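Chemist: Predicted structure and sequence below. I'll ask about it afterward.
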2 protein chains.
Amino acid sequence: MEIQKYLSEQKERVETALKHYIPAPVVPFTRHIESMRYSVFAGGKRIRPILCLAAAETIRAKGEIGDSLLPVACALECIHTYSLIHDDLPAMDNDELRRGKPTNHVLYGEAEAILAGDGLLTLAFELITTDDGQGLSAVQRLDIAQIIARAAGSFGMVGGQFLDIANENSQYPFEMLQMIHRRKTGALITASVQAGAIAAGACADDSRALSVYGDEIGLAFQIVDDLLNATSTTEKLGKAAGSDETMGKATYPGYFGIDETRKKAQEATARAKEALCTYGENAEPLRSLAEYLFKRTY
Amino acid sequence: MEIQKYLSEQKERVETALKHYIPAPVVPFTRHIESMRYSVFAGGKRIRPILCLAAAETIRAKGEIGDSLLPVACALECIHTYSLIHDDLPAMDNDELRRGKPTNHVLYGEAEAILAGDGLLTLAFELITTDDGQGLSAVQRLDIAQIIARAAGSFGMVGGQFLDIANENSQYPFEMLQMIHRRKTGALITASVQAGAIAAGACADDSRALSVYGDEIGLAFQIVDDLLNATSTTEKLGKAAGSDETMGKATYPGYFGIDETRKKAQEATARAKEALCTYGENAEPLRSLAEYLFKRTY
């Protein structure tokens, strides 16, 4: 499978939808909408939306799902983007660079950045809950909204960010690192896959298999992030390299060294692919995505 | 009707539900959950949840609605509380006092306050979209979630706060003041009433009448807020009195003077009550609430 071609096609689909679903700048809200659009269109890889679409295609053949999932896919990107904007704030991680560009608050100011995040998080739930007559049932929309809300909330992504900040500059056990990773990054990735599964009418075994897949690529994703932060350059990453060490954050390389860390990412990727063993060719996109996320260099 | 008795009964109902729906502090998220609970239980009047319940009772007789609306009522309070926490941040209105107590960031720090707000906003949508088997249908939940998301989002409450901040210390026309009031405060108040109407199975005329009621009390509420800020004391308000003038904010008293402003609040209250003319005794709680909101002194 040509993963690069698949990714660029899906990315274009998602970005066309994002342009449609995120409102155009309009007086007197121009600057607010512009600040939201700035971060949404700052060059994200659209991993979560693509995972959501690919999970649905794994269960139902491509085409059948059509565009009915696009609002949900866009909602996932809105939530991801809001979390980056808030995480970058001076009171949080205080990052000035993201995807090679100034972070939202550097360009628009702190108040605007907080509101851009709030606006995107709220828009996400508006997108999921709006019946656009495109095929998702009310029960499916509700289930998807609930799973995403849980994954994004106080015991998911927000909780992970809380733990990350609360434990900065402190030595903590490996279990805490795992917990932070799982919540801060893993939860929304797993929810992206689960949302796709729900939309495709997954049975219990489908849900289980795809959840394992989501958990394992979420883990691999974060391990690779740790690796890149330790081994890459700011120029390549588009954000501050080496920042984990500077900020005294616990990381996989800190616990296991570079080689062993790379091996752990590879093992998680293998477990993710193994979880899809019953799906044959339909799961090729998800398998290739797992491989791609492991091998990415930024 | 004894409005004080009604209010204290409904308030207790809402607070019992809030204690149930907002998670208990649990390791390792203790401080995050505590910071959310601190602001939720800092002495709010629970106006929005009570409006939501009372609107439903106006259309269906009390009792029939039962407790099915309580998760939605609590979600409204979560959204209101999140908006206060974020509005009080140093980068926004920079308020240190709210309801006579230190604001969230003063007590827990800025990062925690941002995350407390994010957690509460996300929890709100989890509450609305979770099927608790208490009688609201999937379509009702979806409609309610969508109406609340719109009212809270970039063209509602978040947009109002954006306009408020963007126009600080600048002279702007009265139309802009109206627009800020309507979005920053009015939108969520109207949505509270509309959510109750949806839960009660409102017909088109019910929805129209209750929306007019919501818009008018939202207007009256904000006019009275302006009045109190100009005429009351910090001690009585539990937040900084006179802050509008200090911060150069446009207000109703600034445009019309105290007496004319009071008259405008009274007129809006009268229009709110007039909108309920067909509902007889069932609408007594909403009428009394309108009167109470007009006459409040803090």
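Modeler: Now that the structure is in, tell me what you want to look at. Numbering: from 1, shown residues only, chains lettered A, B, ... in the order given.
Chemist: interface residues of the stretch 1-150 of chain A facing chain B?
Modeler: A:23, A:28-29, A:31-33, A:36, A:82, A:86, A:89, A:91-92, A:109-112, A:114-115, A:117-119, A:121-123, A:125-126, A:129-131, A:137-139, A:141-142, A:145-146, A:149-150 (Cβ under 8 Å from any Cβ of the partner chain). All C-beta spots, glycine's among them, are computed from the backbone N, C-alpha and C.
Chemist: how about 7 Å then?
Modeler: Proximity of the stretch 1-150 of chain A to chain B, by Cβ under 7 Å from any Cβ of the partner chain, involves residues A:23, A:28-29, A:31-33, A:86, A:89, A:91-92, A:110-111, A:114-115, A:118-119, A:121-123, A:125-126, A:129-131, A:138-139, A:141-142, A:145-146, A:149-150.
Chemist: which among those end up buried?
Modeler: The neighbour-count test (16 or more other Cβ atoms under 10 Å in any protein chain shown) applied to these identifies A:23, A:29, A:31-33, A:86, A:89, A:91-92, A:110-111, A:114-115, A:118-119, A:121-123, A:125-126, A:129-130, A:138, A:141-142, A:145-146, A:149-150 as buried.
Chemist: Give me the phi and psi for the nearest residue to A:Asp95 once chain neighbours are set aside.
Modeler: In this structure, A:Asp95 finds its nearest non-sequential neighbour in A:Asp88, 4.3 Å apart by Cβ to Cβ, 6 or more residues apart in numbering or on different chains. A:Asp88 adopts backbone torsions of phi -80, psi -10, taken as degrees, to the nearest 10.
Chemist: What separation is there between A:Asp88 and A:Ser243?
Modeler: A:Asp88 is 11 Å from A:Ser243, where distance means Cβ to Cβ, to the nearest Å.
Chemist: between those two, who's got more neighbours?
Modeler: Using other Cβ atoms under 10 Å in any protein chain shown as the criterion, A:Asp88 and A:Ser243 rank with A:Asp88 on top: 23 against 17.
Chemist: A:Leu97 is in contact with that one, correct?
Modeler: No - counting by Cβ atoms under 7 Å, A:Asp88 does not reach A:Leu97; the two are 8.8 Å apart.
Chemist: So for chain A, the centremost residue is which one?
Modeler: Residue closest to the average C-alpha location in chain A (Cα atoms, centre = their mean): A:Arg48, at 4.4 Å.
Chemist: Helix or strand: which one has it?
Modeler: helix A:47-59 (DSSP states H and E).
Chemist: which helices and strands does that helix pack with?
Modeler: helix A:3-21, helix A:70-88, helix A:187-199, helix A:284-295 (3 or more Cβ pairs under 7 Å, 6 or more residues apart in numbering or on different chains; DSSP states H and E).
Chemist: What is the shortest one packed up against?
Modeler: When contacts are defined as 3+ Cβ pairs under 7 Å, 6+ apart, helix A:284-295 sits against helix A:3-21, helix A:47-59, helix A:204-231, helix A:252-274.
Chemist: mean confidence score for the second one?
Modeler: Helix A:47-59 shows an average pLDDT of 96 in the prediction.
Chemist: Please apply the same query to stretch A:130-144.
Modeler: 90.
Chemist: circling back to that earlier point, out of the helices and strands packed on helix A:47-59, the one nearest B:Cys203 is which?
Modeler: helix A:70-88 (28.4 Å; Cβ to Cβ).
Chemist: Using CSV, write out every CA atom in the closest one.
Modeler: Below are the C-alpha coordinates for helix A:70-88, written out as CSV (Å, rounded to 0.1, in the frame of the first residue of the first chain):
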residue,chain,number,x,y,z
LEU,A,70,-16.2,14.2,8.2
PRO,A,71,-17.8,16.4,10.8
VAL,A,72,-16.6,14.0,13.5
ALA,A,73,-13.1,13.8,11.9
CYS,A,74,-12.9,17.6,11.9
ALA,A,75,-14.1,17.7,15.5
LEU,A,76,-11.2,15.5,16.5
GLU,A,77,-8.8,18.0,14.8
CYS,A,78,-10.5,20.9,16.6
ILE,A,79,-10.0,19.2,20.0
HIS,A,80,-6.4,18.4,19.2
THR,A,81,-5.7,21.9,18.0
TYR,A,82,-7.3,23.5,21.1
SER,A,83,-5.2,21.3,23.3
LEU,A,84,-2.0,22.5,21.6
ILE,A,85,-3.0,26.1,21.9
HIS,A,86,-3.7,25.8,25.6
ASP,A,87,-0.6,23.6,26.3
ASP,A,88,1.6,26.2,24.6
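Chemist: Buried residues, it. List them.
Modeler: So for helix A:70-88, counting by 16+ other Cβ under 10 Å, buried means A:70-88.
Chemist: Show me what it is packed up against.
Modeler: Under the contact definition 3+ Cβ pairs under 7 Å, 6+ apart, helix A:70-88 sits against helix A:3-21, helix A:30-40, helix A:47-59, helix A:104-108, helix A:110-129, helix A:138-152, helix A:187-199.
Chemist: tilt between that helix and helix A:47-59?
Modeler: For helix A:70-88 against helix A:47-59, the angle by axes from the mean of the first three to the mean of the last three Cα atoms, to 10 degrees is 150 degrees.
Chemist: any idea how far helix A:70-88 is from the chain center?
Modeler: 8 Å (Cα atoms, centre = their mean, to the nearest Å).
Chemist: Return the angle between stretch directions for it and helix A:187-199.
Modeler: Going by the same axes, to 10 degrees, helix A:70-88 makes 170 degrees with helix A:187-199.
Chemist: Could you check the angle helix A:70-88 makes with helix B:110-129?
Modeler: Using the same axes, to 10 degrees: helix A:70-88 against helix B:110-129 is 160 degrees.
Chemist: what's whichever helix or strand comes after helix A:70-88 in contact with?
Modeler: Later in the chain than helix A:70-88, the nearest helix or strand by DSSP H and E is strand A:97-98. Applying Cβ atoms under 7 Å, 6 or more residues apart in numbering or on different chains, the contact partners of strand A:97-98 are A:42, A:84, A:88, A:103, A:238-240.
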